[in-house]
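Chemist: starting from these lines, generate the structure:
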Amino acid sequence: MIVVGEKSPGSYAVDVLSRFRSGAKVVVLRAYGRNISKAAYVAESVRRMTGGKASYGRIALWSEEVGEEAEEKHVPVMEIEVRYEG
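Modeler: The predicted model follows:
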């Protein structure tokens, strides 16, 4: 699993591609809050970089409670499963 955060989208795309080259068939991208759109961009970039040999598997969206009881917030979370068939 790769947690998408503050690095550039290209860094995460390279990480996914290197895991595919190492033999992984499935890589899960997880993102919280504002980084959800970045995870979607990374997944689509990887799909294009592989010439269509990568596809999307399970995509899940939910929220998690973060913080102390008095100041609890709900933060959206997204996971995108990227599958490689090359």
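Chemist: let me see the ranges of the helices in the protein.
Modeler: Secondary structure of the chain (DSSP state H): helices at 9-21, 36-49.
Chemist: what angle separates the shortest one from helix 36-49?
Modeler: This means helix 9-21. With axes from the mean of the first three to the mean of the last three CA atoms, to 10 degrees applied, the angle from helix 9-21 to helix 36-49 works out at 50 degrees.
Chemist: please begin residue numbering at 25 from this point
Modeler: Will do, 25 is the new start, and the previous item becomes helix 33-45.
Chemist: contacting residues for residue 108?
Modeler: Under the criterion of CB atoms under 8 Å, 6 or more residues apart in numbering, the contact list for residue 108 reads 44, 48-51, 74, 77-78. Where C-beta positions appear, they are placed from N, C-alpha and C, glycine not excepted.
Chemist: one step back: for residue 96, which of the helices of the chain is the nearest?
Modeler: In terms of CB to CB, the element of those nearest to residue 96 is helix 60-73, at 20.0 Å.
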